[in-house]
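In: This is a predicted model, with the sequence first.
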Amino acid sequence: MATCSEATEEVNEPGAAPYGNFRNYYTFNPPENRLSLIPATLLRDLGHNDDQDDVTLVLDVGCNSGELSVAFYNHVVQQPEVATHKKKVHLLGFDLDETLIQRAQEINPLHSSITFLHLDITKNMGQLQDYLRQRCCSHFHLCLCLAVTMWVHLNHGDAGLLQLLSQLASISQHLLLEAQPWKCYRSAARRLRKLGRSDFDHFKTLKIRGDVAEHAREHLERHCDMQLIQSFGSTTWDRQLLLFRRK
């Protein structure tokens, strides 16, 4: 996920991506690392067939260059055991890095089912709300927020992190969250300093520390009318995949 003009520059060194806008992210964290934990029947398990809407909408927050978006769609929609779904499933992926979104659009093999959008959610929710209105839906049936929270947290502080969670909860029926643990924060700050760049604006003043996933859970359950319904375990990078549902 990226958030300023620097995000459009070609990034080869991981430490030079202070907004998470890694150019070759899926070469070192391939989609299978997460999809191996997520059942192919996920949409059916969440009541996809029982929902009254004509279309099921999935949102991928901070989609980078789109490889995971496409792989996730194929995983939960086109597997034989879920091929009986009769309703349309559409996935919207967005990222703050315009270059990555252009790449996602170019490699997208499912143009009728997957859309990629250049968007800064910390500044503009209107495009997502317009997207829902155009499809006569009040919410996304499933929102993916995978390895995004740290970058918003480091660049927008505690308030920015909590605002992101609240915003996603307000437009989602289910939220699949992967929050980076605190050790990732320290590594990101160390890489930035190693390159001689200024530290993250909020790193030293953050009050939400330690078990960030637990802080996120508490906020979602206490303030966003959501509840944790399942953990799919931890990825090879020791990050939990937590599924929340609107109460």
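Out: Done, it's in. Keep in mind that what you see is a predicted model, and the values were worked out from it rather than measured.

In: Name the single longest helix found in this protein.
Out: In the chain, with assignment by DSSP state H, the single longest helix is helix 149-170.

In: Neighbouring strands of the helix or strand following that helix in the sheet, and parallel or not?
Out: Of the helices and strands lying after helix 149-170 in sequence (DSSP states H and E), the nearest is strand 174-178. For strand 174-178, the paired strands and their directions (DSSP bridges) read strand 142-146 (parallel), strand 240-246 (antiparallel).

In: And for this protein, the residue most distant from the center?
Out: residue 196 (29.0 Å; C-alpha atoms, centre = their mean).

In: what about that residue, distance to residue 155?
Out: Residue 196 is 19 Å from residue 155, where distance means C-beta to C-beta, to the nearest Å. From N, CA and C alone the C-beta is placed, and that goes for glycine too.

In: What of residue 195?
Out: The gap separating residue 195 from residue 155 is 16 Å, by C-beta to C-beta.

In: out of these two, which sits in the more crowded spot?
Out: Legend: neighbour count by other C-beta atoms under 10 Å for residue 195 and residue 155, higher for residue 155 (21 against 11).

In: Let me see the ranges of the helices in this structure.
Out: Using DSSP H, the helices of the chain run over 25-28, 32-35, 42-45, 67-77, 98-107, 126-134, 149-170, 182-194, 212-223.

In: Can I get these in CSV including mean pLDDT?
Out: Below are the helices of the chain laid out as CSV (pLDDT from 0 to 100):
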stretch, mean pLDDT
helix 25-28, 92
helix 32-35, 96
helix 42-45, 94
helix 67-77, 97
helix 98-107, 97
helix 126-134, 96
helix 149-170, 97
helix 182-194, 92
helix 212-223, 98
